Every structure is written in C-alpha cells, then in structure tokens.
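[1] model the following, please.
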Amino acid sequence: MAKLYRSSVSKTPVEPVSMDGADGVTVQWLLRKEHGVPNFEMRRFTVQKAGHTPYHKHEFEHEVYVMSGEGVLKEEGRESELHPEDVIYVPAGEMHQFRNAGDAPFVFMCLIPKSK
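    Coordinates of the predicted model:
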C-alpha cells in the first residue's frame, strides 16, 4: 500500500520546460512516481505572456484543468479559447499546444499516466 504524501505547490521546485518548441513555460511536478502514486502524475504548468508549449503529441492521454489566465488550445485543424475552470481531455496521439493569450501568466494542472 502506498504511503500518504502531502506537500505544497509553494514548496515544489519550478523547472523550465526544455522541450524543443517551448517558450516561456515552467513546470512543477506536484505528484510523481517518487511520491508513491500508483496511477497518475500531477503537473502544474505556468506559461508566461506570449509563451507556449511545443506543438506536439504523446503516446499517453492528458487531463487538464485551467487554473488562471487566458489561453488557447491548438489542435489539428482548430484552435479553442481557454479560461479558468475549463477542463480539457487530450487523447493519446493527438497533436496539441497550449498558448498564453493574455497579459497574466496562464496556469494549468495536467494529469498524465504514471511513467514506467
């Protein structure tokens, strides 16, 4: 049985996203396999003004919750505005990109299956 893990966003290291095509994006790994989670890892992304994640795809799904700021989700063939409290499901293999569309930081949580 996994041991309960408790921490705080303010105590979690902020790391730059170094994937090719990322600009002005940081990530905090709030829950990850090292914390004993059995199924999903939780990340918090902050996208600065005019910043964006790469336009990319993964072989795993994403569940996203927009916390603050204004953004745009680019998918194959369309773009959608994103606002606080929006939820997004990105299927495995789907091209996608998150962009900041405002002046304030665009912040979202993202859950992914635990890495092996």
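
[2] what is the host helix or strand of K74 packed up against?
    Secondary-structure assignment from DSSP states H and E places K74 in strand 71-75. In terms of contacts (3 or more C-beta pairs under 8 Å, 6 or more residues apart in numbering; DSSP states H and E), strand 71-75 is packed against strand 78-82, strand 96-100. For every residue, glycine as well, the C-beta is placed using N, CA and C.

[3] and it with strand 96-100, angle?
    Compare the direction of strand 71-75 with that of strand 96-100 by axes from the mean of the first three to the mean of the last three C-alpha atoms, to 10 degrees and you get 160 degrees.

[4] these two touch, right, R32 and E41?
    Yes. Counting by C-beta atoms under 8 Å, R32 sits close enough to E41 to count as a contact (4.7 Å).

[5] what is in contact with the two at once?
    By the contact definition C-beta atoms under 8 Å, 6 or more residues apart in numbering, R32 and E41 are jointly contacted by K114, S115.

[6] what segments of this structure are strands?
    With DSSP state E as the criterion, the chain has strands at 15-16, 23-31, 40-52, 62-68, 71-75, 78-82, 87-90, 96-100, 106-113.

[7] turn those into a markdown table, including mean pLDDT and distance to R6.
    Conversion of the strands of the chain to a markdown table gives the following (pLDDT from 0 to 100; distance: least, C-beta to C-beta, whole Å):
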| stretch | mean pLDDT | distance to R6 |
| --- | --- | --- |
| strand 15-16 | 98 | 21 |
| strand 23-31 | 97 | 10 |
| strand 40-52 | 97 | 13 |
| strand 62-68 | 97 | 20 |
| strand 71-75 | 97 | 29 |
| strand 78-82 | 97 | 29 |
| strand 87-90 | 97 | 24 |
| strand 96-100 | 98 | 28 |
| strand 106-113 | 97 | 17 |
